[in-house]
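**Q** fold the following.
(one chain, ligands or ions: 1)
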Amino acid sequence: MPIESTQMKSTPWNMEFATLAFTPGQATQLDAAARHMARAGGPQSIGVRYIAKNHAEGIASTFDPAQSAIAQRFADGQLAALAFEGMCAPQTFDLPDALPELNRLEEDFTCIQLASRNQIFLELVKHKAFAYDIDNAGKISRLVGNFKGGGQSKLPNENLLPTPELSSHAGLCLGAHTEAPYHCSVHASNGHSPAPSALIMTARWNPAGEPTYIIPMREVIESIGSLAALALTSNSFNFTRSDCFVEGLGESGTNISILQFDENGGFAIRYNAYRFSVSDNATAPAIEAFQRLHEQLHRTQGKAYDLQPHRAVAINNSRALHARNVIKDNRRLLIRLFGYSSFASPIVLNDDPLLVQG
Ligand SMILES: [Fe+2]
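**A** Have a look, this model is predicted:
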C-alpha cells in the first residue's frame with residue numbers, strides 16, 4: 001500500500017507522512033539536474049554537493065506554497081517520512097535476467113543518476129548527503145540488493161558464498177530498525193558522529209513491488225506509556241556491531257539509551273530489533289520497557305511503500321523505523337543515501353564529499 005497523498009486529513013498517518021508530488025515541468029527540471037550531476041561523477045565527486053544544492057534551490061524556487069510547506073515540515077523534523085512522486089523514470093527499460101555485480105552497478109550511469117537525484121531530494125529538505133568512514137566503504141551512495149545470498153531464491157553461486165550477513169547487501173529479512181551507528185542521535189558524543197538524521201531511497205528495479213515498511217514511532221512510544229518511555233531514556237541497553245561496517249572498524253555499544261528528548265522532533269530514537277538487548281546493569285523498569293517496546297512493534301506492521309524508479313522516500317531516522325521482508329526477486333535494487341539535518345553536529349573528516357567519523 002503506498003503512502004497516502006498529502007491531502008490534509010486529521011489521521012495520525014497524515015500527521016507523520018506526506019507526499020511531495022512534482023509537476024511535469026519540475027520533473028523534467030529534476031531529471032536534467034540529476035543527469036548533469038551524474039555526468040560530473042555523482043555524489044562521490046568533488047564539487048557535486050554544491051551542484052546538488054544549486055539545482056535544489058532552482059527547483060524549490062518553482063514550488064507552490066503547499067510544496068514548500070511540506071518540504072519545510074520534513075526539514076524541521078516534524079514528519080516520519082516524506083515521499084517524492086511524479087518523477088521521470090530513467091528512459092531505459094533494462095530489467096536484467098539477474099542482478100549485475102555490485103562493482104559494475106556502482107559505475108552504471110543510471111545508478112549514479114538516481115543517487116544524484118536522491119542528493120537533490122536531501123537538499124530540498126535541507127539535509128546534506130554524507131558517508132561514515134566506518135560504513136559502506138566510506139561511500140555516499142549505497143546499492144541495496146541481494147549480492148550475498150539469503151533471499152527466497154538462491155543466487156546462482158550461493159552455495160559457494162559465506163553465510164549471508166544481516167545487512168542490506170544480502171537478501172535476508174531485516175526487522176524494524178533505525179540506521180546505525182547507535183551511540184547518539186543529533187550531536188557527536190565520545191568520538192562518534194550521530195546516527196543519520198534521514199535516509200533517502202529510490203529503486204532502480206523492483207519488479208515484484210516488494211515494499212519497504214516504515215514505522216512512525218510517535219504512536220508506538222505513546223502506546224507503551226510515559227514511565228516506560230522514560231525508562232528507555234536510561235543507559236540500559238546494548239547493541240551489536242553492524243555487518244556492513246568496514247572490516248576492523250565500528251564497534252558494538254554498551255549502556256546506551258534508546259530514546260531521548262529532542263527539541264526539534266520532540267524525541268529521537270535509536271533501535272534495531274535484531275541488534276539491541278538489555279545491558280547487565282538494566283533495572284527492572286528498563287527491562288520491562290524494552291519488552292513493551294518489542295511487543296508493541298510486533299503488533300505494528302507499518303506503512304508499506306513500493307519503491308520504484310519514479311518514486312523515492314525520505315525516512316526520518318530519529319522518528320521512524322524501517323524494515324523489509326526476505327527478498328523474493330533478486331533483481332530488486334534500491335539506491336540509498338544518508339543525510340544530516342541542519343540540527344546535526346557530526347565529526348567531519350572531509351568536507352567534499354562529506355565524510356564523517358562513525
Ligand atoms: Fe536500513
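
**Q** average pLDDT for stretch 130-139?
**A** Mean per-residue pLDDT for stretch 130-139: 94.

**Q** end-to-end on it?
**A** In stretch 130-139, first residue to last residue: 8 Å (Cα to Cα, to the nearest Å).

**Q** which residues touch it?
**A** The contact list for stretch 130-139, computed with Cβ atoms under 8 Å, 6 or more residues apart in numbering, reads 44, 106, 140, 142, 180-181, 193, 196, 242, 244-246, 249-250, 338-340, 346, 349, 353-358. No exception for glycine: its C-beta is placed from N, CA and C like everyone else's.

**Q** one more: stretch 45-54?
**A** Stretch 45-54 has contacts (Cβ under 8 Å, 6+ apart) with 36-37, 40-43, 116, 119-120, 122-123, 128-129, 352-354.

**Q** buried subset of the contacts of stretch 130-139 as a PyMOL selection?
**A** Per 16 or more other Cβ atoms under 10 Å, the buried members of the contacts of stretch 130-139 correspond to this PyMOL selection:
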select buried, resi 44+106+140+142+180+181+193+196+242+244+245+250+338+339+340+346+349+353+354+355+356+358
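
**Q** in stretch 135-145, what's buried?
**A** Neighbour-count burial for stretch 135-145 flags 135, 136, 138, 139, 140, 141, 142, 143, 144, 145 (criterion: 16+ other Cβ under 10 Å).

**Q** report the distance from it to the chain centre.
**A** Centroid separation for stretch 135-145 versus its chain: 12 Å, with Cα atoms, centre = their mean, to the nearest Å.

**Q** and it, how far apart are its ends?
**A** Using Cα to Cα, one end of stretch 135-145 lies 16 Å from the other.

**Q** which residue ranges form the helices in the stretch 51-200 of the chain?
**A** Along the stretch 51-200 of the chain, counting by DSSP state H, counting those that start in this stretch, helices occupy 65-75, 102-106, 109-124.

**Q** which of the ones you listed sits most buried?
**A** Of all the helices of the stretch 51-200 of the chain, helix 109-124 has the most neighbours on average by mean count of other Cβ atoms under 10 Å, namely a mean of 26.

**Q** got the angle between it and helix 65-75?
**A** Helix 109-124 runs at 90 degrees relative to helix 65-75, counting by axes from the mean of the first three to the mean of the last three Cα atoms, to 10 degrees.

**Q** kindly export helix 109-124 (C-alpha atoms) in CSV.
**A** Output of helix 109-124 as CSV, limited to C-alpha atoms (Å, rounded to 0.1, in the frame of the first residue of the first chain):
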residue,chain,number,x,y,z
PHE,A,109,25.3,5.8,-15.2
THR,A,110,21.6,5.3,-14.3
CYS,A,111,22.5,4.2,-10.8
ILE,A,112,24.7,7.4,-10.4
GLN,A,113,21.8,9.5,-11.9
LEU,A,114,19.4,8.1,-9.3
ALA,A,115,21.9,8.6,-6.5
SER,A,116,22.3,12.2,-7.7
ARG,A,117,18.5,12.7,-7.7
ASN,A,118,18.5,11.4,-4.1
GLN,A,119,21.1,14.0,-3.2
ILE,A,120,18.9,16.8,-4.7
PHE,A,121,15.9,15.4,-2.6
LEU,A,122,18.0,15.7,0.5
GLU,A,123,18.9,19.3,-0.4
LEU,A,124,15.2,20.1,-1.0
